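Enquirer: turn this into a structure:
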Amino acid sequence: MRYMLIIHNDETHPLPGGPGWDELMTDYAEFSKQLASYGRPFTGDPLMGPDTATTVRVRNGETLTVDGPFAETKEWMSGYYLIDCDDLDQALRAAAMVPSARFGSVEVRPVAEM
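Expert: Numbers count the residues shown, from 1 in each chain. All right, here's what the predicted structure looks like:
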């Protein structure tokens, strides 16, 4: 079963190119090596900060775009992993190993297979 680990952080999270970013990426490289050692498929990427977002809505056939994230919030989605696991318990153990779990949160959701 596939699970998405949705990584949420706040304004204290290192941003790409900013202070602490290289150290955090070293931790993520190690986490990715751990996932790879299990021999199961996964993918994941960091996301740029919420100030780079554009939100798109279509209402009554009209496309509306707004600079910024979907909602004003203190936490933002900073990255994700899509992993293959035996069950939810295994996905939760993986989520606990995500480096940003130390100062943010990791939401775990099963993927609805189509």
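
Enquirer: partner strands of the helix or strand hosting Y80 and their direction?
Expert: Following DSSP states H and E, one finds Y80 within strand 76-84. Here strand 76-84 is paired, per DSSP bridges, with strand 2-9 (antiparallel), strand 42-46 (antiparallel).

Enquirer: list the helices and strands the helix or strand following the last one packs on?
Expert: Using DSSP H and E, the helix or strand that directly follows strand 42-46 along the chain is strand 54-59. The elements that strand 54-59 packs onto, with contact taken as 3 or more CB pairs under 8 Å, 6 or more residues apart in numbering; DSSP states H and E, are strand 62-67. (Glycine included, C-beta is placed from N, CA and C.)

Enquirer: and the strand it packs on, how far from the chain's centre?
Expert: What separates the centre of strand 62-67 from the centre of its chain is 24 Å, taken as CA atoms, centre = their mean, to the nearest Å.

Enquirer: what do you get for stretch 78-87?
Expert: Counting by CA atoms, centre = their mean, stretch 78-87 comes out at 9 Å from the chain centroid.

Enquirer: how much space between the nearest residue to E113 once chain neighbours are set aside and P41?
Expert: Once flanking residues are discounted, E113 sits nearest to R2: 7.2 Å by CB to CB, 6 or more residues apart in numbering. Applying CB to CB, to the nearest Å, the value for R2 to P41 is 8 Å.

Enquirer: ok, those two, which is more surrounded?
Expert: The neighbour count for R2 versus P41, taken as other CB atoms under 10 Å, is higher for R2 (16 against 11).

Enquirer: the more buried one pairs with what?
Expert: D84.

Enquirer: scan the protein for its longest helix.
Expert: helix 21-37 (DSSP state H).

Enquirer: which outside residues touch that one?
Expert: With CB atoms under 8 Å, 6 or more residues apart in numbering as the contact definition, helix 21-37 has outside contacts at 14-15, 42, 44, 46, 81, 83, 94, 97-100.

Enquirer: any of those buried? List them.
Expert: 14-15, 42, 44, 46, 81, 83, 94, 98-100 (16 or more other CB atoms under 10 Å).

Enquirer: contacting residues for the closest residue to H13 other than its chain neighbours?
Expert: In space, H13 comes closest to S78 once its chain neighbours are excluded; the distance is 5.7 Å by CB to CB, 6+ apart. Shown in contact with S78 (CB under 8 Å, 6+ apart): 7-9, 13, 46-47, 49, 100, 104.
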